[in-house]
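Peer 1: Predicted model follows, preceded by the sequence.
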Amino acid sequence: MQRIIKNGQLIDESWHLLPKDATLDGIPNCDDLIVPLGLWVEHSTALKARDGGLGVWLDAGEEIEEIADQLDNFQVIALNFPAFTDGRHTSTAYLLRNRYGYKGEVRAIGDVLRDQLFSYLRVGFDAFALREDKDPLDALKAFEEFSEVYQASTDQPLPLFRRRA
């Protein structure tokens, strides 16, 4: 079982992330699922009728605006980073929190590394599924590496110079 970081704690993963080519065949009714955006778009009515929890994941290049009016259907929105150099979904997390007011879990998945966690937290992520070859216990230390931030962001809406005044 994979362990993830959620709200600064290491927890056992309870959600099942379905692959991009998943279909409705054999999907259990009661499990908590994070489905790819394409499956949601094609089968949203059937997925909403399930008893289990529902989340959606977006790949790089897929826009949150496509489902912005449907966010209340999801307990988890997972944003996939196919490579650590592809930071497009940092903007998506920021938009989810600040433009759309999404209060559920925003999870980073894919090529997620310790060095990125603090900045991801600042823009609105609250859960992180690290790359499988990385140690999540070691990654928790990333949240203690900076004692103060200068810039405004989701986690701190005022820049340091405004907080000092």
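Peer 2: Done, it's in.
Peer 1: C-alpha from now on. contacts and neighbour counts both.
Peer 2: OK.
Peer 1: Look at the residue nearest to Val35 when sequence neighbours are not counted and say how many residues are nearby.
Peer 2: Excluding the flanking residues, the one nearest Val35 by C-alpha to C-alpha, 6 or more residues apart in numbering is Val56, at 4.7 Å. Around Val56 there are 23 other residues, counting by other C-alpha atoms under 10 Å.
Peer 1: From what I see, Val56 and Ile77 are in contact.
Peer 2: Yes - between Val56 and Ile77 there is a contact under C-alpha atoms under 8 Å: 5.2 Å.
Peer 1: who touches both of these two?
Peer 2: Between them, Val56 and Ile77 share these contacting residues under C-alpha atoms under 8 Å, 6 or more residues apart in numbering: Ile34.
Peer 1: what about the strands in the protein?
Peer 2: In the chain, the segments counted as strands under DSSP state E are 3-6, 9-12, 16-17, 33-36, 54-58, 76-81, 105-110, 127-128.
Peer 1: Tell me, what's the model's pLDDT at the residue nearest to Val35?
Peer 2: Val56 carries a pLDDT value of 98.
Peer 1: I'd like the distance between it and Asn80.
Peer 2: 11 Å (C-alpha to C-alpha, to the nearest Å).
Peer 1: cool, Asp86 as well?
Peer 2: Taking C-alpha to C-alpha, one finds Asp86 at 10 Å from Asn80.
Peer 1: which one of the two has more residues nearby?
Peer 2: When Asp86 and Asn80 are compared for neighbours, Asn80 comes out ahead with 23 against 12, by other C-alpha under 10 Å.
Peer 1: So which residue is dead centre in this protein?
Peer 2: By C-alpha atoms, centre = their mean, the mean C-alpha position of the chain lies nearest to Arg107, the distance being 1.7 Å.
Peer 1: what's that residue in contact with, if anything?
Peer 2: Per C-alpha under 8 Å, 6+ apart, neighbours of Arg107: 76-79, 125-129.
Peer 1: now do Arg114
Peer 2: Residues near Arg114 by C-alpha under 8 Å, 6+ apart: 130, 139-140, 142.
Peer 1: Check which residues of the helix or strand bottoming out on mean pLDDT in the chain are buried.
Peer 2: None of the helices or strands of the chain scores lower by mean pLDDT, DSSP states H and E than helix 160-164, at a mean of 84. By neighbour count with 16 or more other C-alpha atoms under 10 Å, helix 160-164 contains no buried residues.
Peer 1: Same check on stretch 63-70?
Peer 2: In stretch 63-70, counting by 16+ other C-alpha under 10 Å, buried: Ile64.
Peer 1: what residues are up against Asp31?
Peer 2: Contacts for Asp31 (C-alpha under 8 Å, 6+ apart) come out as 15-16, 51-53.
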